Each structure stands twice: as structure tokens, then as C-alpha cells.
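> sequence and predicted model, in that order:
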Amino acid sequence: MLLAAVAAAAVLALLATAPGVAAQGTGPTACPLTSYTPGTDYFPVKSKPDAGAGFTINYKKYYKHVQADGQTYLLKMCNAPPIPDNDMKVFPVGTKVINIPVAVAATSSGNALDTLLALGFGGAVKYASPWGDDLVLPCAQAAKANGSWAEYTPSVRSDDYSVLFTAAPDAANPKTVTFKAPTLDGSPLQQAEWVKFMGAFFNAEAAADALYESIARAYACRKTQVAQVPTPKPVVAWIALADPDNKSKWTVNQGVFPRALIADAGATPLAAPVTVTSDKLLSTLASAHVVIDATPRRGKNVELIDWLKDLGANSLAEAPYPFAQGRQLYAVDRSRATNGQEEFPVARHQLAAFLLSDLVSILYPQAQGEGYLKRRFLRNMASDEGYSAPLDADKCSAASPLSADSPLRIVPANADECAAGTVAPYTGASTVIPGSDAKNSEGGKNTTPAAKSDNIGVIFAAIVLVLVVAGFIVFVAPGLARRYRERRNQQYMQEML
């Protein structure tokens, strides 16, 4: 028992790392207010989410009014007096009053759990689901293995937690909070704003704002870098099965998220119907240079041959289209747990900078050079490119600084060059367009472009060589020829004598 207790404590210690690395955590949150003073502003730091983020936060002296997905939440400072009846009359029936900061959290949403870990509240979690083989995040796997968390099931009593973060609305339970980030019809950065939503429940606005800003800066850096690429730009199709359990219908560039991502990566979203039947999908993709299949596979990762058979083809040769001939077909499953479950569905909302860098590395591999050698999510199904090292409990590490390929990173390692302001605009053509002057990188890996000074040196050496040859012909060769003729004449005279 002592060893088990020590192991559980070690997990909590591992969770307590530097901010913004999806691994930090604290213990159950204690109420910081021991004595209430009327008129005091208990929320000096106030988050301001984007208007398109899908939620709003309005601050009062000792409570917050949060509106999200048609549900009203009043987040009242713990140990403060009840919200006055006159204030309560303003809010609709069904408004949920929750004491903050949340002391004990339960979650049935993998996206909410990922955000809790990123903000440092993994130690406040008591119950979680998905569970068992469905756990993906390294620190979630570690917490399960060491008994720090228990499985959330409907049989868990609401008295055992302060808040239950869910993926779907539940008006009947006054303690449920819907975390809608992954289903929001918004841009990648608007989905990332939901870290501020979670921060409000823990009075962690400062940490949430800082985390969001780090994501936004890294994202904006790559977006700006490829903003001046020449036309025509590559055409990209973001597709997914409309129902993962039914292979008859697909969506193409559905919603704001893929269209914004593709445009921000310096490409053009494929113009196509939003929904397409399987028998017409390949012809619909005829003008695409890159195709990304974002279907959640739930541990049943698909390979190229399976993908083609589902569409009635046996090889890419049967699809005479740019994406097929260029072998530019990707899945979003490169990062996955040992059980095959993908990281993308639970983490995409706060790993927007990784996703953009992934796509830029495919379209313009020379832009990031060797600073971004391995993609996080996008795996080329048409090459022999494999998966990243499986996510497991051992990767829940408190090591600082994090390694460049650590799965606990929220932004890519090469984001440091963005902060330093050393990223120059990239104006080369895309490698995925047939006939492009840019050199394609093998296997999706990036190559460092030759330095300008090296090119100048090659040109200078060629000029010198031409001058040397010309000088030899003009000045040296005639003399050699004259001496050769004189020797031949002398030999001829001697033979005549």
C-alpha cells in the first residue's frame, strides 16, 4: 500500500511541470478566499475570448457570467455570499451556479481532459473517461496506471465531484459543463480559444491567456511566412466520412476549420460539394494536389490499400489525378497511443500550431527547413512513412526543457525562431504542383535550401573556369601550335637530307 501511495504521488508530481506543456497538474484546488470583503473585485485578470469562439465571459465583482452553446453558467467565488435574487432574475431558467475555483473535476470529454492537463489541473481530476484502452494522453495513462484517477461512469455520484465536463449538453445535471471546442464551426485559433473557457472555472485566466497567446503566435508566424507564396497555389481537400461507421458518404472541406487551415497554409481549398458519395469521391478530388482524410478511426487505422478499396480502386495508378500521381494522400493518425487510438481527435483544438506547421511542411517543405523534420499529425499513406513513437505513460515526464519531439509540447520546437523574429517570408512555389521549380522533399521530410552565398560561389567558379579556358585558347594554344609546327618542319628537313 505504501508503494502504491508513493507511485500515485509521483504521478501528481510528474503532472506538476512548467506551464503549457499538456503535462502539468496540481492537487485538488483549495478555496483561496477565507474572508469576503464587499465591493472587492476578485477577478483582476479578465479573459477576452474572440467573438467567434462560441462562448462569452462577463465579469462581476465576485462571480462570472459565462454563456456557451445556449447554456448559462454563473461561476461564483467560493466562500462569497449567494448571488442576489435581483441578479438571478436576469438569467434564464436552467442557469447553473458553480463555485470556483473548481475543487474536484470529473470529465467524460477527452478534449476537456487535454485542456485540463495543459492548464495544470490534472491533479484536480478525480474521475475520467474515455478509460482503459481508449486513453491516449501520456499523463492520463500514467494517472490511470498509478491509481491517481478512477473511471467516470454514470454510477459515480455527483457528490463526489464539483464539476463534470462533458462533450454533450446535459441540462438535468446542475454540475455538468459542456466543452464544445472540437465541434465548434470555427477557425483553428477560435477552437484554441477554449483554453480560456476552461481557465475561467479555475480562476486561471492569466495562465489560459498566456497559453493561448503562445499558440496564436506560433500559428501566426507560419501563416505570415507563407502569405506571399506565388499563384497558382496548391489545391487541398480535407475529407472525412460523414459517419465513421458507414463508408457510403464523405464530406469535403466541411465547415470553417479546414477551409481556414488550408488558406492559412498558403493553399486553396478544393471547390466541391460538401457531401459526396463514395463512388464519386475520387472524381471529385480530380483537381486536388493534396488530400487529407481526417476520419476518426478509433484505433482502426487505415492503410492505403484499404482506403483505395473503399473507393473502388486497387492502386493510385487508377486515379490519374495530381494528388494520386504525386502520392500526396494523408491521414491524421501519425501520433497515436500504443493501443492505436489517435491523438488528433482529442488534441487538435489546442495543437493548432502543430497542425498548420504539418501542412506547411507538405506544401512548402523548404520554408521550415530542418527546423521541422517530423510532422505531428499528418501521415503520408502513399509512402512508407510510419507512425511516431507510440504515446505511453513513460512520456509523462517532468523533464525541462522538453525535447523537440516531446508529445507534451503545445507548440512546435521551431516556434522559438518565431519569437526571435528571424523567420523570413517564403516566396517559393509549392513542391506538390506538377512542374514546380521547387525541389520536392522525399518522404515528406524537409530539406534546408541552399544558401545564397553557396549559389554565388558556384556561379563565380564557373565564370573563372570559362575565362581560364578562353585565355588558354587565345594566348597559350597558338604558341603551342607554332612550336609544334616548327618541330614538324625540322623533322621533315632532316628526312629530306
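Perfect, I can see it now. Numbering: from 1, shown residues only.

> quick one: the strands in the stretch 301-450 of the chain?
Taking DSSP state E, counting those that start in this stretch as the test, the strands found in the stretch 301-450 of the chain are 329-331, 379-380.

> tell me how far the shortest one lies from the chain's centre.
Meaning strand 379-380. Relative to the chain's own centre, strand 379-380 is displaced by 15 Å; criterion: Cα atoms, centre = their mean, to the nearest Å.

> list the helices and strands that strand packs on?
Counting contacts by 3 or more Cβ pairs under 8 Å, 6 or more residues apart in numbering; DSSP states H and E, strand 379-380 packs against strand 329-331. Bear in mind the C-beta positions are built from the backbone N, C-alpha and C, glycine included.

> packing partners for the strand it packs on?
Checking 3+ Cβ pairs under 8 Å, 6+ apart, strand 329-331 ends up next to strand 290-293, strand 379-380.

> out of these, deepest packed?
Each of the helices and strands packed on strand 329-331 was scored by mean neighbour count; the highest is strand 290-293, a mean of 24, by mean count of other Cβ atoms under 10 Å.

> counting contacts, what elements does that one pack onto?
For strand 290-293, the packing partners by 3+ Cβ pairs under 8 Å, 6+ apart come out as strand 235-243, strand 329-331, helix 352-363.

> mind listing what's buried along stretch 329-346?
Buried residues in stretch 329-346, counted by 16 or more other Cβ atoms under 10 Å: 329-337, 340-346.

> would you turn the strands of the stretch 301-450 of the chain into JSON lines with distance to Leu402?
JSON lines is the format used below for the strands of the stretch 301-450 of the chain (distance: least, Cβ to Cβ, whole Å):
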{"stretch": "strand 329-331", "distance to Leu402": "26"}
{"stretch": "strand 379-380", "distance to Leu402": "22"}
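
> turn those strands into TSV, columns for mean pLDDT.
Formatted as TSV, the strands of the stretch 301-450 of the chain follow (pLDDT from 0 to 100):
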stretch	mean pLDDT
strand 329-331	95
strand 379-380	94
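
> so which of those strands comes closest to Lys233?
For the strands of the stretch 301-450 of the chain, the distance to Lys233 is smallest for strand 329-331, at 17.7 Å, taking Cβ to Cβ.

> list the pairing partners of that closest one within its sheet, with orientation.
Applying DSSP bridges to the sheet, strand 329-331 is found paired with strand 290-293 (parallel), strand 379-380 (antiparallel).

> what does that strand contact?
290-293, 297, 301-302, 304, 307, 316, 323, 362, 378-382 (Cβ atoms under 8 Å, 6 or more residues apart in numbering).

> now with 10 Å?
236, 238, 285, 288, 290-295, 297, 301-304, 307-308, 316, 319, 323, 342, 344, 358-359, 362, 375, 377-383, 385, 387, 444 (Cβ atoms under 10 Å, 6 or more residues apart in numbering).

> where does the chain have low pLDDT?
1-29, 301, 373, 436-497 (pLDDT under 70).

> only whichever of the contacts of strand 329-331 are buried, select them in ChimeraX.
Selecting only the buried entries of the contacts of strand 329-331 in ChimeraX, with 16+ other Cβ under 10 Å as the criterion:
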select :236,238,285,288,290,291,292,293,294,295,297,301,304,307,308,316,319,323,342,344,358,359,362,375,377,378,379,380,381,382,385,444
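
> contact partners for Thr427?
Contacts for Thr427 were tallied using Cβ under 10 Å, 6+ apart; they are Gln225, Val226, Ala227, Gln228, Val229, Pro230, Tyr364, Ala367.

> that one and Gly421: what is the separation?
Look at Thr427 and Gly421: by Cβ to Cβ, to the nearest Å, they are 18 Å apart.

> over to Gly299?
Per Cβ to Cβ, Gly299 is found 42 Å from Gly421.

> same check, this time on Cys31
Going from Cys31 to Gly421 by Cβ to Cβ gives 43 Å.

> repeat that for Cys396.
From Cys396 over to Gly421 the distance is 33 Å, taken as Cβ to Cβ.

> could you do Ser47 as well?
Counting by Cβ to Cβ, the gap from Ser47 to Gly421 is 27 Å.

> which of Cys396 and Gly421 has more neighbours?
Applying other Cβ atoms under 10 Å to Cys396 and Gly421 shows that Cys396 carries more neighbours, namely 27 against 7.

> tell me if I'm right that the more buried one and Ala140 touch.
Yes. Contact criterion Cβ atoms under 10 Å: Cys396 and Ala140 qualify, at 8.3 Å.

> gap between the two ends of stretch 395-402?
11 Å (Cα to Cα, to the nearest Å).

> can you give me how far that stretch is from the chain middle?
19 Å.

> pretty sure Val97 belongs to a helix, no?
No. Using DSSP: H, G, I helix; E, B strand; the rest coil, the assignment for Val97 is strand, not a helix.

> test my guess that it contacts Cys78.
No. Checked against Cβ under 10 Å, the pair Val97 and Cys78 is beyond contact range at 11.8 Å.

> those two: which has the busier surroundings?
Cys78 (21 against 15).

> how close does the more buried one get to Leu189?
32 Å.

> over to Ser315?
From Ser315 across to Leu189, the span is 39 Å (Cβ to Cβ).

> looking at those two, which is more packed in?
Legend: neighbour count by other Cβ under 10 Å for Ser315 and Leu189, higher for Leu189 (23 against 10).

> secondary structure class for Val276?
Relying on three-state DSSP, one would call Val276 strand.

> can you pull the contacts of it?
Ile239, Ala242, Lys249, Trp250, Thr251, Val252, Leu282, Ser283, Thr284, Leu285.

> dump those residues to JSON lines, plus secondary structure and distance to Asp134.
Output for the contacts of Val276, formatted as JSON lines (DSSP: H, G, I helix; E, B strand; the rest coil; distance: Cβ to Cβ, whole Å):
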{"residue": "Ile239", "secondary structure": "strand", "distance to Asp134": "25"}
{"residue": "Ala242", "secondary structure": "strand", "distance to Asp134": "23"}
{"residue": "Lys249", "secondary structure": "strand", "distance to Asp134": "26"}
{"residue": "Trp250", "secondary structure": "strand", "distance to Asp134": "25"}
{"residue": "Thr251", "secondary structure": "strand", "distance to Asp134": "24"}
{"residue": "Val252", "secondary structure": "strand", "distance to Asp134": "29"}
{"residue": "Leu282", "secondary structure": "helix", "distance to Asp134": "32"}
{"residue": "Ser283", "secondary structure": "helix", "distance to Asp134": "36"}
{"residue": "Thr284", "secondary structure": "helix", "distance to Asp134": "33"}
{"residue": "Leu285", "secondary structure": "coil", "distance to Asp134": "32"}
